[in-house]
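Enquirer: Sequence and predicted structure below; questions after.
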Protein chains: 2
Amino acid sequence: MLLRVRAAVAQLAAGLGAQPPAEARGAGAGAGAGAGRGSPPPAAFCRPAFLQLTPEELRRADDHAGRAVQSPRDGRRRLPWSSGYAEVINAGKSQHNEDQACCEVVFVEQRPSPRGWLSSREGSEELDGGRKGFYFHYWALFDGHAGSGAAVMASERLHLHICEQLRDLVEILQDPSPPPVCLPREAQTGSADPNQMSYAEDRGEVLNDAVPRFHLEKAVSHESLVIGAIENAFKHMDDQIERERASQHLAGGCCALAAIYLMGKFYVANAGDSRAIIIRNGEIIPMSREFTPETERQRLQFLALLRPELLGKEFTHLEFPRRIQPKELGKKMLYRDQNMNGWAYKKIEEDDLKFPLIFGEGKKARMMATIGVTRGLGDHDLKVFSSNIHIKPFLSCFPEVRVYDLTQYEHCPDDVLVLGTDGLWDVTNDEEVAAVVMEVLTSYEPNDPCRLSGAFNQAHLPTCRLRWRGVLT
Amino acid sequence: MLLRVRAAVAQLAAGLGAQPPAEARGAGAGAGAGAGRGSPPPAAFCRPAFLQLTPEELRRADDHAGRAVQSPRDGRRRLPWSSGYAEVINAGKSQHNEDQACCEVVFVEQRPSPRGWLSSREGSEELDGGRKGFYFHYWALFDGHAGSGAAVMASERLHLHICEQLRDLVEILQDPSPPPVCLPREAQTGSADPNQMSYAEDRGEVLNDAVPRFHLEKAVSHESLVIGAIENAFKHMDDQIERERASQHLAGGCCALAAIYLMGKFYVANAGDSRAIIIRNGEIIPMSREFTPETERQRLQFLALLRPELLGKEFTHLEFPRRIQPKELGKKMLYRDQNMNGWAYKKIEEDDLKFPLIFGEGKKARMMATIGVTRGLGDHDLKVFSSNIHIKPFLSCFPEVRVYDLTQYEHCPDDVLVLGTDGLWDVTNDEEVAAVVMEVLTSYEPNDPCRLSGAFNQAHLPTCRLRWRGVLT
């Protein structure tokens, strides 16, 4: 059983019944700071700041023999809502715990623009002097592998990239009318295009854009703009890791699971094999799915079929239930390709002797015999062992974003959102986690102030710890 | 409302409570006949044989003004189980009803093989003289477009291709032990490969294959072999249409929805926008999903990105909410690419003025401004209007196969499987269909012999007809 715990176990739970604080908390929120600009300090190895570990605790956290569970010393002050958190070092695959976590409240300040679309529409030339914007709450886990560099940088920056993407949407998201399909040119954009119109013509068009003129115009929701912003933020985060990996000595890659609370909705973005669930009145609502060589097999085989050069003559895009031996040429072997979910027999040919792109099953499934997750950040230098074949073209940095509208459901104070890396889910399941959460929370008086403020994690995690240990030993 | 009925409405319902007949029915079952071999007769336009239409009824069936609902004259004798069927001509898009249907009981006869894997394993050199095999039941709808040729041929042949694929699996599916991963070479296969072993060596290997020797060997279920057989049968059907489309004057393409009952399980295979549901004790169980430019957007955009030459310089793989005008160059427009589910703004460039690969929404969504379904059979000659750009590379002939294990649930005599083309689902929904089915069936005495044998369709369909007409007018 111990062997199954190969990655650090992390969990972060937010009480759904709590209201967002009136003002921003979290020192590192970096309201509207330009992500990726300037020269940030190197992404040195660390543990999440909100853990507030003493040197002694840090030493204990790194002790592979003891494998102590770490949780925040004073979560009440540091973590928004009623969040709790716990982590435990992995079982020895790496020297340090390569997982990271982040919990922030971020202010998204509207980008200064003398000719924003709304000001044009309303006819006002200038924005008022105040800071226009909104807050979002953010909780994220980064399950690192082959080094902690990507996970550390992602935990420090992903929320800033999300903030950056949302800055252009401040006015649009706060306006109840449907988002405009087309925005005017930016004033500073000097276009050499002969079709470019004068400022007056441009403004006339903007006014017309308020009235739909096109018969076939797809309606786009505010929600899908937020999803698009989060998706592109993951892409920008991955690009930044690629750009700075040499100068910042960023090793490895990471799965990323982030929950963003914005304007009454949770947006849960997952790229990798971490998992999020909501527990509502004992019911489990999945908020993510895992991206692995097995779940993404057909996408990967399709890419390999269309771009066979990426396989470097070492791999075949077909899947077989096991390796084929040269002496089996001419026999019939089970296989499946990018179109199939079932299996069929094919006569074994020379090309089938190559190693299958996807091989193994369950936790042992690997792509190119190398990696067990197919989405995430980093891994730009990852190659197949002892070869020059790059893995990255097959990986996707894009998350799947699921939305949960908090205003659509009745919630009780015991309802929670749970985020966990595969280290947690390898040794327990949704039902067991839900049972532990309910057991701990019902042991408190409903009006206990500790219950709402921060005792959730203080009480919950030792119990979880015992529970996990019970599973582990 | 009338305008919404653009395709023929077809429905085929099978009582789940009934048992398969002891022997095969259906004259055209063609037990084990080699599909696609020899010179089949041309696929002339017709209506399903089980309708047994008189010349007068055939004339009425072709009357676009009357649009009479057709159902079998004597379903009890012609259709297995308690199947019912009804169809109505479309609202005038084509001269004839381009949809087709098929209902058969097919005998899958084991392929003669002196060295089948099982006979080798058991040490018996020869199979006994009797016919070894099994039956499957088969119901299918083919929603034709741009001509009836593909639909007619598919309705006559798809079950034979499925039979052909299953013939190699007769012994394997009847053996309760797990399917062998590797089968021996066929005796008649003369391989020039230097690794080829002698007969004796080969047999030795076969014996060893019964014992798993490989640590990493994926277990493959019998069920997934049937799924693979159905998937490949669709591919072979599509290949046959491609080969014979010139000689047989096969025009157009078709969506294909087929339900196969085999060894206690329903396998429902769908390629297109038809839909199957099971109604079990009033509960609706979806047995398919629709494949359209909207549901397959990311697959299509991914292919277009990797193979831009398929777009013929006329299309862009990006999706926009509407066409972009040349004078909008430099502005910002909402878009999404193959990685995104949300939307974001991008600055409009020259390339974005091309027509979007996917355009429109709902029933108006089209790929390359041409076709509203993205899976099916045929369409090998389909091109973008007034261009030389082929549509077929973007279409998939592979179905999604869903499995329903009849032995896992309690069923009552009113439980049914309903198959319908989009003509049905455009004007009604799952809940309405379930209500009609329950209403009609509960109006019969439970012990009424007509109820179990064949009256289901006799009684059900006129009611459906009224119901549909109520919706249509």
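Expert: Everything's here; your move.
Enquirer: Backbone dihedrals for the residue lying closest to A:F398 once chain neighbours are set aside, both of them.
Expert: Take A:F398 and drop its neighbours on the chain: the residue closest to it by CB to CB, 6 or more residues apart in numbering or on different chains is B:N339, 4.3 Å away. In short, each C-beta sits where N, CA and C put it, glycine included. Dihedral pair for B:N339: phi -90, psi -20, per degrees, to the nearest 10.
Enquirer: Go ahead and confirm B:N339 touches A:E400.
Expert: No. With contact defined as CB atoms under 8 Å, B:N339 does not reach A:E400; the gap is 10.4 Å.
Enquirer: Show me what from the stretch 251-400 of chain A comes close to chain B.
Expert: A:299, A:302-303, A:306-307, A:321-323, A:326-334, A:336, A:339-345, A:347, A:359-361, A:364, A:396, A:398, A:400 (CB under 8 Å from any CB of the partner chain).
Enquirer: Secondary structure element holding A:V418?
Expert: strand A:416-420 (DSSP states H and E).
Enquirer: Restricting the selection to alpha carbons, write whatever helix or strand comes next after that strand to CSV.
Expert: Downstream of strand A:416-420, the next assigned helix or strand under DSSP H and E is helix A:422-425. Taking C-alpha atoms only, helix A:422-425 is exported to CSV below (Å, rounded to 0.1, in the frame of the first residue of the first chain):
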residue,chain,number,x,y,z
ASP,A,422,-3.5,12.1,-7.2
GLY,A,423,-1.6,11.3,-4.1
LEU,A,424,-4.9,11.8,-2.2
TRP,A,425,-7.1,10.0,-4.7
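Enquirer: Filter the residues of the stretch 251-400 of chain A next to chain B down to the ones in helices?
Expert: With DSSP state H as the criterion, helices contain A:299, A:302-303, A:306 from among those.
Enquirer: how about JSON lines for these, with pLDDT and neighbour count added?
Expert: Formatted as JSON lines, these follow (pLDDT from 0 to 100; neighbours: other CB atoms under 10 Å in any protein chain shown):
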{"residue": "A:R299", "pLDDT": "97", "neighbour count": "17"}
{"residue": "A:F302", "pLDDT": "97", "neighbour count": "18"}
{"residue": "A:L303", "pLDDT": "98", "neighbour count": "21"}
{"residue": "A:L306", "pLDDT": "96", "neighbour count": "15"}
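Enquirer: any idea which of those is the one closest to B:L160?
Expert: Using CB to CB, A:F302 is the member of those that sits closest to B:L160, with 29.3 Å.
Enquirer: burial measure for the residue nearest to the closest one when sequence neighbours are not counted, as a count.
Expert: Excluding the flanking residues, the one nearest A:F302 by CB to CB, 6+ apart is A:Q338, at 4.3 Å. By other CB atoms under 10 Å in any protein chain shown, the residues close to A:Q338 number 19.
Enquirer: before we move on, what about A:T316?
Expert: 22.
Enquirer: residue contacts, it?
Expert: A:T316 is in contact with A:351-352, A:354-357, counting by CB atoms under 8 Å, 6 or more residues apart in numbering or on different chains.
Enquirer: In the stretch 351-473 of chain A, what residue lies closest to chain B?
Expert: Residue of the stretch 351-473 of chain A nearest chain B, by CB to the nearest CB: A:F398 (4.3 Å).
Enquirer: shouldn't that residue be in contact with B:G342?
Expert: No. With contact defined as CB under 8 Å, A:F398 does not reach B:G342; the gap is 10.3 Å.
Enquirer: Need the residues touching each of the two.
Expert: A:E231.
Enquirer: right, and the residue nearest to A:F302 touches A:E319 too?
Expert: No. With contact defined as CB under 8 Å, A:Q338 does not count as touching A:E319 (9.4 Å).
Enquirer: any shared contact partners between those two?
Expert: In contact with both A:Q338 and A:E319: A:Q301, using CB under 8 Å, 6+ apart.
Enquirer: Find the nearest non-adjacent residue to A:A344, please.
Expert: B:G228 (3.8 Å).
Enquirer: List the residues that contact that neighbour.
Expert: A:336, A:340-344.
Enquirer: ok, now with 10 Å
Expert: A:334-336, A:340-345, B:165, B:169, B:220, B:401 (CB atoms under 10 Å, 6 or more residues apart in numbering or on different chains).
Enquirer: now the strands for the stretch 51-200 of chain A?
Expert: Ranges of strands within the stretch 51-200 of chain A are A:69-70, A:84-88, A:100-109, A:133-145, A:182-183, based on DSSP state E, counting those that start in this stretch.
Enquirer: The stretch 301-450 of chain A too?
Expert: Counting by DSSP E, counting those that start in this stretch, the strands of the stretch 301-450 of chain A are A:315-316, A:332-335, A:344-347, A:355-356, A:358-359, A:366-367, A:377-378, A:400-405, A:416-420.
Enquirer: Out of these, which one sits most buried?
Expert: strand A:377-378 (a mean of 31; mean count of other CB atoms under 10 Å in any protein chain shown).
Enquirer: Just name whatever secondary elements it is in contact with.
Expert: strand A:133-145, helix A:149-167, helix A:222-244, strand A:253-262 (3 or more CB pairs under 10 Å, 6 or more residues apart in numbering or on different chains; DSSP states H and E).
Enquirer: Now do the contacts for the residue nearest to A:F302.
Expert: A:297-306, A:317-319, A:357, B:398.
Enquirer: what's the closest of those to A:L173?
Expert: Nearest member of the contacts of A:Q338 to A:L173, counting by CB to CB, is A:R299, at 31.2 Å.
Enquirer: just to revisit the earlier point, kindly reformat the contacts of B:G228 as TSV and extend each row with distance to B:Q95.
Expert: Formatted as TSV, the contacts of B:G228 follow (distance: CB to CB, whole Å):
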residue	distance to B:Q95
A:L334	46
A:Y335	44
A:R336	42
A:M340	38
A:N341	38
A:G342	38
A:W343	43
A:A344	40
A:Y345	44
B:Q165	35
B:L169	42
B:V220	47
B:V401	34
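Enquirer: What is the nearest of those residues to A:E104?
Expert: A:N341 (41.0 Å).
Enquirer: unless I'm mixing things up, that closest one is touching B:S224, no?
Expert: Yes. In this structure, A:N341 is within contact of B:S224 by CB atoms under 10 Å, at 7.5 Å.
Enquirer: Show me which of those two is the more surrounded one.
Expert: Neighbours per residue, other CB under 10 Å: of A:N341 and B:S224, the larger number sits with B:S224, 20 against 16.
Enquirer: Surely the more buried one and A:M340 touch.
Expert: Yes. When contacts are counted by CB under 10 Å, B:S224 is listed as touching A:M340 (9.2 Å).
Enquirer: intersection of neighbour lists for these two?
Expert: With CB under 10 Å, 6+ apart as the test, B:S224 and A:M340 both reach B:V401.
Enquirer: what sits against A:K383?
Expert: Contacts of A:K383 (CB under 10 Å, 6+ apart): A:312, A:368, A:370, A:389-392.
Enquirer: and the spatially closest residue to A:A140 that is not a sequence neighbour, how many neighbours?
Expert: Leaving aside its sequence neighbours, A:A140 sits nearest to A:A258 (CB to CB, 6+ apart; 3.9 Å). Applying other CB under 10 Å, we find 27 residues neighbouring A:A258.
Enquirer: list the contacts for A:A258?
Expert: Neighbour list for A:A258: A:102, A:138-142, A:154, A:158-159, A:162, A:230, A:233-234, A:267-271, A:274, A:276, A:399, A:401, A:419 [criterion: CB under 10 Å, 6+ apart].
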